[in-house]
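Visitor: Provide a 3D model corresponding to the input given below.
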Amino acid sequence: MGCDGGTIPKRHELVKGPKKVEKVDKDAELVAQWNYCTLSQEILRRPIVACELGRLYNKDAVIEFLLDKSSEKALGKAASHIKSIKNVTELRLSDNPAWEGDKGNTKGDKHDDLQRARFICPVVGLEMNGRHRFCFLRCCGCVFSERALKEIKAEVCHTCGAAFQEDDVIVLNGTKEDVETLKSRMEERRLRTKLGKNLQGHQKLRQGSLRKPTLILKRRKPAQLPKVRQQ
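Guide: Next up is the predicted model:
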């Protein structure tokens with residue numbers, strides 16, 4: 001039996017298959033990760049901070065989140081691991097001299113806009129636009145490209161000279177594997193800190209108990225009975 005016009009429908013026209021999952025535009029995702037606050041979804045502006053999992057935030061958004069924990073927001077889950085302002089590091093970013101902001105967006109070339117970035121690596125000059133892997137140091141907050149850390153191996157920061165260890169290097173907006181590794185390091189670091197505080201607390205209590213004055217009881221001499229005269 002045909003349809004209107006005498007045409008015979010094909011099977012794929014009658015049977016509806018599963019809906020195709022819309023692919024997220026990778027360029028738009030990169031723009032969101034590297035230009036917008038993870039909490040407030042507002043454009044990143046100094047002071048910019050990063051958490052131990054490598055996510056970027058506006059510092060004022062983190063402060064508001066910590067002050068108003070009662071608000072149950074979907075975006076708050078992304079910062080549930082931030083318990084205090086000490087859990088984030090203020091970043092020391094290097095401005096990109098080629099960045100013109102909105103002034104450069106006169107031709108409407110989206111490709112050029114995505115390639116441009118506000119910040120760059122101060123060592124090798126790579127732009128921080130999501131095309132290259134970037135890291136920051138927890139000890140000082142300086143931001144570099146991963147290429148710079150690999151090519152110029154050092155135990156001190158290239159910018160400020162602060163000493164750092166491997167545990168201080170945090171990948172910004174890393175892969176799922178990167179985030180899992182950073183999460184394990186974060187939990188181990190917090191556990192060590194907690195155990196260290198408990199140990200210090202026990203030591204202070206012990207020192208306090210030793211400093212308390214001890215009461216020394218004088219031994220009384222046994223009472224002497226009067227001597228009986230012998231007759």
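
Visitor: buried ones in the longest helix along the chain?
Guide: With secondary structure taken from DSSP state H, the chain has its longest helix at helix 176-211. Residues Asp178, Leu182, Arg185, Met186 are the ones in helix 176-211 that count as buried (16 or more other CB atoms under 10 Å). For every residue, glycine as well, the C-beta is placed using N, CA and C.

Visitor: Give me the nearest residue to the third one, chain neighbours excluded.
Guide: On the basis of CB to CB, 6 or more residues apart in numbering, the spatially nearest residue to Arg185 that is not a chain neighbour turns out to be Asp167, at 6.1 Å.

Visitor: Might you report the residue contacts of the one you found?
Guide: Arg138, Arg185, Arg189 (CB atoms under 8 Å, 6 or more residues apart in numbering).

Visitor: what ranges do the helices span in the protein?
Guide: Listed in chain order, the helices of the chain (DSSP H) span 11-14, 26-35, 59-67, 110-115, 146-151, 176-211.

Visitor: thinking again about what came up before, what about the longest helix of the chain, distance to the chain center?
Guide: 18 Å (CA atoms, centre = their mean, to the nearest Å).

Visitor: Quick check: the gap between the closest residue in space to Val124 that isn't next to it in sequence and Leu205.
Guide: Residue nearest to Val124 in three dimensions, not counting chain neighbours: Ala148, with 4.9 Å by CB to CB, 6+ apart. According to CB to CB, to the nearest Å, Ala148 stands 47 Å off from Leu205.

Visitor: What of Glu180?
Guide: Distance, Glu180 to Leu205, by CB to CB: 38 Å.

Visitor: And for Lys197?
Guide: Relative to Leu205, and taking CB to CB, Lys197 is found at 13 Å.

Visitor: Tell me the bridge partners for the residue most central in space within the chain.
Guide: The centre of the chain sits closest to Cys51, judged by CA atoms, centre = their mean, with a distance of 1.4 Å. On the basis of DSSP bridges, Cys51 is bridged to Val88.
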